[in-house]
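S.K.: With the sequence up front, the predicted model follows.
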Amino acid sequence: MNDILYATDDKLRAVVNTNVLVSALISPSGNASAILRKIEENLLIPVYCDEILREYIIVLSRPRFGFPKALLDDALGLFQIYGLMAYPRKSCIYMPDENDRIFYDVAKASGSLLITGNIKHFPHDKDILSPSDFLNNYRKYLDKSKI
């Protein structure tokens, strides 16, 4: 693996699928929350585009979740404060769930990892990881500042 590809100033870049963000807000002690903490600690750079931000807002604002507005503002603010905007082209690769294409396209366009709770919705790719696999495989980079 070419680690340089994923690093910006020694920080990893990753596209965070909406399901990871939802899980992080539902379970503050889970792996998804650990990913948000790494963003807040400025150890992981989230990569996004306008379409991804819109999806975050639409999904997180659903009444069934009942997330307080302040919590949503804080979570979305992490992406805007610490993140990088990407401008992907639409890929032609087969996607089992067409709604997930934008996450894949942003990850590929930016040379970033993709973190998702729905691995099966994406093509088989070593750069597409579950939250737990991401934390386990990249801990040495995420903890670099603590050495």
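M.R.: The structure has been received and is ready for your questions.
S.K.: From what I see, A75 and A24 are in contact.
M.R.: Yes - at 7.4 Å, A75 counts as touching A24 under the criterion of Cβ atoms under 8 Å. In short, each C-beta sits where N, CA and C put it, glycine included.
S.K.: got any residues that touch both of these two?
M.R.: L36 (Cβ atoms under 8 Å, 6 or more residues apart in numbering).
S.K.: Quick one: low-confidence residue ranges for this protein.
M.R.: Scanning the chain for pLDDT under 70 picks out the ranges 1-10, 144-147.
S.K.: residue ranges of the helices in it, please?
M.R.: Secondary structure of the chain (DSSP state H): helices located at 18-26, 31-40, 50-60, 69-82, 101-110, 131-142.
S.K.: among the ones you listed, which is nearest G117?
M.R.: Evaluated over those, closeness to G117 peaks at helix 18-26, with 4.2 Å, by Cβ to Cβ.
S.K.: contact partners of the closest one?
M.R.: Under Cβ under 8 Å, 6+ apart, the answer for helix 18-26 is 30-33, 35-36, 52, 55-56, 59-60, 65, 67, 71-72, 75, 115-118, 131.
S.K.: what residue is smack in the middle of this structure?
M.R.: V16 (1.3 Å; Cα atoms, centre = their mean).
S.K.: Can you tell me which of the helices of the chain is most buried?
M.R.: The highest mean neighbour count among the helices of the chain, using mean count of other Cβ atoms under 10 Å, belongs to helix 101-110: a mean of 22.
S.K.: contact partners of it?
M.R.: 13-15, 17, 47-49, 51-52, 55, 84, 86-91, 93, 95, 112-114, 116, 122-123, 127-128.
S.K.: Could you tell me which of the residues you listed count as buried?
M.R.: Among these, those classed as buried by 16 or more other Cβ atoms under 10 Å are 13-15, 17, 47-49, 52, 55, 86, 88, 95, 112-114, 116, 122, 127-128.
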